[in-house]
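> A structural model of the following input is requested.
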Amino acid sequence: MGNVLGDGLPGAAEHVAADLLPLVNRLARCGARVEEALAGLRDIQMLDWQSPAGRAYRDTVGRQGAALRHAVDALEMARAAVARHAEHTVAAAASACRVP
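This is a model prediction of the structure:
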């Protein structure tokens with residue numbers, strides 16, 4: 001079984017890190033799209049709902065907004081974790097290549 005640094009091949013850690021960067025960017029884009037959806041939900045909640053059904057809809061939108069906020073937070077945590085992993089992979093490879 002190989003190691004996380006690309007089986008010790010020269011440049012493998014940098015290749016692994018480079019492969020992770022598109023994922024970091026995709027997670028950031030997904031978070032931005034969810035933020036846009038949240039902005040739309042906030043607009044809906046700001047409307048003056050007169051009927052009980054309208055107020056119930058606004059409350060449902062509020063709960064959906066809370067769920068989306070948790071999703072944004074999770075996406076940001078995932079993006080940060082993948083970015084840290086990419087950085088640590090390169091740093092670990094660099095320190096492994098140093099001659100004492």
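
> Which residue, other than its chain neighbours, is closest to the most centrally placed residue in the chain?
For the chain, residue 75 is the residue whose C-alpha lies nearest the centre (C-alpha atoms, centre = their mean; 2.9 Å). In space, and not counting its chain neighbours, residue 75 is closest to residue 31: 4.2 Å by C-beta to C-beta, 6 or more residues apart in numbering. C-beta coordinates here come from the backbone N, C-alpha and C atoms, glycine included.

> Would you agree the one you found is in contact with residue 77?
No. The pair formed by residue 31 and residue 77 falls short of the contact definition of C-beta atoms under 8 Å, at 10.1 Å.

> For these two, indicate the residue with more neighbours.
residue 31 (18 against 11; other C-beta atoms under 10 Å).

> distance of the more buried one from residue 52?
35 Å (C-beta to C-beta, to the nearest Å).

> what do you get for residue 72?
30 Å.

> What is the distance between the helix ranked longest in the chain and the centre of its chain?
Ranked by residue count, the top helix of the chain under DSSP state H comes out as helix 52-97. From the chain centre to the centre of helix 52-97 is a distance of 4 Å (C-alpha atoms, centre = their mean, to the nearest Å).
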